[in-house]
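>>> Let's see this in three dimensions:
(2 chains)
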Amino acid sequence: MKKIQAVINPFKLDEVREVLGKVGVAGMTVSESKGFGRQKGHTEVYRGAEYQVDLLPKLTLEIVVRDDLLEAAVGAITDAARTGKIGDGKIFISSIEEAVRIRTGERGEAAI
Amino acid sequence: MHRLARPRFALSNRLLPLLLTLFLGLPGAAFAADTLDTGDTAWILTSTALVLFMTIPGLALFYAGLVRTKNVLSVLMHCLALTALMTILWLVAGYSLAFDTTGMVEGQTGLHAFIGGLDKAFLSGVDGGTLSGTIPEVLFFIFQCTFAVITPALMIGAFAERMRFSAVLIFSSLWLIVVYAPICHMTWGGAGGYFADMGVFDFAGGIVVHITAGVGALVACIMIGPRTGYPKTAMPPHNLTMCVTGTGMLWVGWFGFNGGSALGANGDAAMAITVTHISASTAALTWMAIEWFKHSKPSVLGIATGAIAGLAAVTPAAGVIGPIGGLAIGFSAGIICYLASTTMKSKLGYDDSLDVFGVHGVGGFVGTILAGVFGAATMGGNQIGLSIGNQVGVQLTAALITAAWAGIASFALLKLTDMIVGLRVDEDDERMGLDLSEHDERGYSL
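This next block holds a predicted model:
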């Protein structure tokens, strides 16, 4: 099992969710997040006082998938979330040791 | 001359003996009118509501949007609490100290050229039938009460986000009596008032309201010190929609502030509203244009602040100038208040958090001086044969005396308040925010 942690632009959520459904991803967790990378923030000016806003709003998706689904899911996210401009986000992949479905107690791939 | 200025009491004959006794003792009675005018009364009733609307909720929203989330309630609370407290003080003594005419003699500079007596404390001797000019005196009382409410409320923007609530109440109460009441008396108390006898133009309170509050605010923010982290930590406004809502309410309410100061439903009121609107519009556009040019974007807070600066600046002049004066005062206020609130403030380093001095103090000063210029008939005003040089001298003198008194007295009152309760919340409380530390409440539960 692998966990895909994808940081994407908030306005791309619907497209990403749609393509993930098509490749067979059954669930995900979405969090509002803020961060910075290569994309520069912006400046706000209030009565002449300039404030540099470095942290930009993003969404972080957490998706756990079977190993054989990984490449399809990552490809789907990459295609759907890309605008081609700086700020499209990043995807991090890590291994998952165990998963448990709380309702039934099922474990492993059956739980995801 | 003023012995002739004794009202005839057409309405309530049963009060005649009482009122005659009262007014015979008041040779300086300021109002040379006779019978009640329902049109005038209706307009001042309306204006009273408009001016109260400026403070609650206009100013409250304007200020509340400018602070951070954790202090939004504290600012709303200041405005509400001061409205209630100043009203009671106005009844107890403020009105009498400002408008009681006992002992005033035109051209004589005694104690009562500077402060009224206590004969009208608790509105003593005044009932629904007592007249002040062509309106009931109780209406004049409550109309003026709304001015006494907004003036201390203006100051809270300077020390927002860090002053102890009890200190706000104590300082504002003392300030109403020691600063506002005497300056109001000297200007608007009638013949025999120190500034009135100088022939000063202060139609609706450039001196009485905006210079007093602006200078008091400056002294307060310097004495209490900057907010923790200022100016390194970013402290952007938390809700500009509130600011814009409040700006609209202030702008509309100002029609009552300036239009009502004609104390009648007449051409003076109409012209006052017209020049008020022109000045606000001009200053709003001027401030917007400066920012557009300087920062490459026209800002919403900029146009809103410009409008308030134009409104403050035209206030002293609204009774004497014409439309050209409105344009000139609005334009001047847009530029000068912008510089005062941005360049000057950051150079000098004081934390006038919501720019009370930069907008109201400086705006009031600009308008007070320019009233002496654009009041002249040759400059589009209604003062025929006015010597501009002479009048500007009078305006400047009154403005400087007011600034000096407001500065010295505010300093002393803040020292006194500091000794009684302490001006400032401690640093932990400031970091947590005044909403929780002073009121055990949060503005937002999201």
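>>> Go through the lengthiest strand in chain A and list whatever outside residues touch any part of it.
Ranked by residue count and defined by DSSP state E, the top strand of chain A is strand A:56-65. Here strand A:56-65 makes contact (CB atoms under 8 Å, 6 or more residues apart in numbering or on different chains) with A:1-10, A:13, A:16, A:20, A:25, A:27-36, A:39, A:41, A:73, A:77, A:87, A:89, A:96, A:99, A:112. No exception for glycine: its C-beta is placed from N, CA and C like everyone else's.
>>> Just the buried ones from the residues you listed?
By neighbour count, with 16 or more other CB atoms under 10 Å in any protein chain shown, those hold A:1-4, A:6-9, A:13, A:16, A:20, A:25, A:28, A:30, A:39, A:73, A:77, A:89, A:112 as buried.
>>> The contacts of strand A:56-65: which ones sit near chain B?
Checked against chain B using CB under 8 Å from any CB of the partner chain, those yield no neighbours at all.
>>> average pLDDT across whichever helix or strand comes after the longest strand of chain A?
Counting by DSSP states H and E, the element after strand A:56-65 in chain order, helix or strand, is helix A:70-81. For helix A:70-81, the mean pLDDT works out to 96.
>>> Give me the neighbour count for the closest residue to B:S172 other than its chain neighbours.
Excluding the flanking residues, the one nearest B:S172 by CB to CB, 6 or more residues apart in numbering or on different chains is B:P152, at 4.1 Å. Using other CB atoms under 10 Å in any protein chain shown, B:P152 is surrounded by 29 other residues.
>>> Also A:S94?
Close neighbours of A:S94, defined as other CB under 10 Å, add up to 10.
>>> quick one: the residue of chain A found nearest chain B from B:T305, how far?
Sorted by distance to chain B under CB to the nearest CB, the residues of chain A start with A:G48, at 3.2 Å. Counting by CB to CB, to the nearest Å, the gap between A:G48 and B:T305 amounts to 10 Å.
>>> Would you tell me which residues of the stretch 101-250 of chain B are close to chain A?
Residues of the stretch 101-250 of chain B lying near chain A (CB under 8 Å from any CB): B:P231, B:A234, B:P236, B:P237.
>>> For the third one, grab the count of nearby residues.
Yep, that's B:P236 we're talking about. 14.
>>> these two touch, right, it and A:R47?
No: using CB atoms under 8 Å, B:P236 is not in contact with A:R47, being 10.1 Å away.
>>> how close does B:L59 sit to B:T146?
Taken as CB to CB, the span from B:L59 to B:T146 is 12 Å.
>>> Paired strands for the lowest-mean-pLDDT helix or strand in chain A, with orientation please.
Taking mean pLDDT, DSSP states H and E as the measure, chain A has strand A:49-53 as its least confident helix or strand, at a mean of 85. Neighbouring strands of strand A:49-53 in its sheet, by DSSP bridges, are strand A:42-46 (antiparallel).
>>> For the partner strand, C-alpha coordinates in CSV please.
What follows is strand A:42-46, C-alpha atoms only, in CSV (Å, rounded to 0.1, in the frame of the first residue of the first chain):
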residue,chain,number,x,y,z
HIS,A,42,1.8,38.4,-3.1
THR,A,43,1.9,41.9,-1.6
GLU,A,44,-1.0,43.5,0.2
VAL,A,45,-1.1,47.3,0.9
TYR,A,46,-3.2,48.8,3.6
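>>> on that earlier part again, narrow the contacts of strand A:56-65 to those in helices?
Among these, the members falling in helices (DSSP state H) are A:L13, A:V16, A:L20, A:A73, A:I77.
>>> For the residue of chain A closest to chain B, which residues are in contact?
B:E291, B:K294, B:H295, B:Y338, B:S341, B:T342, B:T343, B:S346.
>>> if we go to 10 Å?
Going by CB atoms under 10 Å, 6 or more residues apart in numbering or on different chains, A:G48 touches B:290-291, B:294-295, B:299, B:302, B:338-339, B:341-343, B:345-346, B:355.
>>> Just the buried ones from those?
B:I290, B:E291, B:S299, B:G302, B:Y338, B:S341, B:T342, B:K345, B:D355.
>>> From B:S437, how far off is the fourth one?
It stands for B:G302. 32 Å.
>>> With the second one instead?
With the distance defined as CB to CB, B:E291 ends up 35 Å from B:S437.
>>> Same question for the first one.
As judged by CB to CB, B:I290 and B:S437 stand 38 Å apart.
>>> Residues of the stretch 301-446 of chain B that sit close to chain A?
B:301-302, B:305, B:338-339, B:341-343, B:345-346, B:354-355, B:358-359 (CB under 10 Å from any CB of the partner chain).
>>> List the ones among these that fall in helices.
Those of these lying in helices (DSSP H): B:L301, B:G302, B:T305, B:Y338, B:L339, B:K345, B:S346.
>>> need those in a markdown table with distance to B:S445, can you?
Putting those into a markdown table (distance: CB to CB, whole Å) gives the following:
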| residue | distance to B:S445 |
| --- | --- |
| B:L301 | 26 |
| B:G302 | 32 |
| B:T305 | 30 |
| B:Y338 | 37 |
| B:L339 | 40 |
| B:K345 | 34 |
| B:S346 | 35 |
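>>> Flag whichever of those scores worst on pLDDT.
B:S346 (92).
>>> and that residue, what does it touch?
B:S346 neighbours (CB under 10 Å, 6+ apart): A:G48, A:A49, B:P231.
>>> Just give me the neighbour total for residue 67.
If you meant another chain, say so; for now it's chain A. A:D67, neighbours per other CB under 10 Å, totals 11.
>>> should've been chain B
28.
>>> can you pull the pLDDT of the residue of chain B found nearest chain A?
Per CB to the nearest CB, B:T342 is where chain B lies closest to chain A, at 3.2 Å. Reported pLDDT at B:T342 in the predicted model: 95.
>>> Excluding chain neighbours, what is closest to it?
Nearest residue to B:T342 in three dimensions, chain neighbours excluded: A:G48, at 3.2 Å (CB to CB, 6+ apart).
>>> Touching, B:E291 and B:A284? I think so.
No: the criterion here is CB atoms under 10 Å, and B:E291 misses it with B:A284 at 11.3 Å.
>>> Overlap of the contact sets of these two?
In contact with both B:E291 and B:A284: B:G302, B:I303, B:T305, B:G306, using CB under 10 Å, 6+ apart.
>>> Quick one: low-confidence residue ranges for chain A.
Counting by pLDDT under 70, chain A contains no low-confidence range.
>>> quick one: secondary structure of B:A191?
coil (DSSP: H, G, I helix; E, B strand; the rest coil).
>>> Relative to A:K22, how far out is it?
On the measure of CB to CB, B:A191 and A:K22 end up 87 Å apart.
>>> One more: A:D79?
Following CB to CB, the distance that separates A:D79 from A:K22 is 11 Å.
>>> got it, and B:H112?
With CB to CB as the criterion, B:H112 and A:K22 are 88 Å apart.
>>> what number of residues lie near A:T78?
Neighbours of A:T78 (other CB under 10 Å): 16.
>>> now the strands: where do they sit in chain B?
Using DSSP E, strands in chain B cover B:131-132, B:135-136.
>>> Neighbour count for B:H112 and A:K22, which is higher?
B:H112 (21 against 10).
>>> hang on, that one packs against B:D100?
Yes: between B:H112 and B:D100 a contact is recorded at 8.4 Å, counting by CB under 10 Å.
>>> where does chain B dip in pLDDT?
Using pLDDT under 70, chain B drops low at B:1-33.
>>> most centrally placed residue in it?
B:V209 (2.7 Å; CA atoms, centre = their mean).
>>> Narrow the residues of the stretch 101-250 of chain B next to chain A to those that are buried.
Applying 16+ other CB under 10 Å to these flags B:P237 as buried.
>>> what's the closest of the residues of the stretch 101-250 of chain B next to chain A to B:T417?
B:P231 (25.5 Å; CB to CB).
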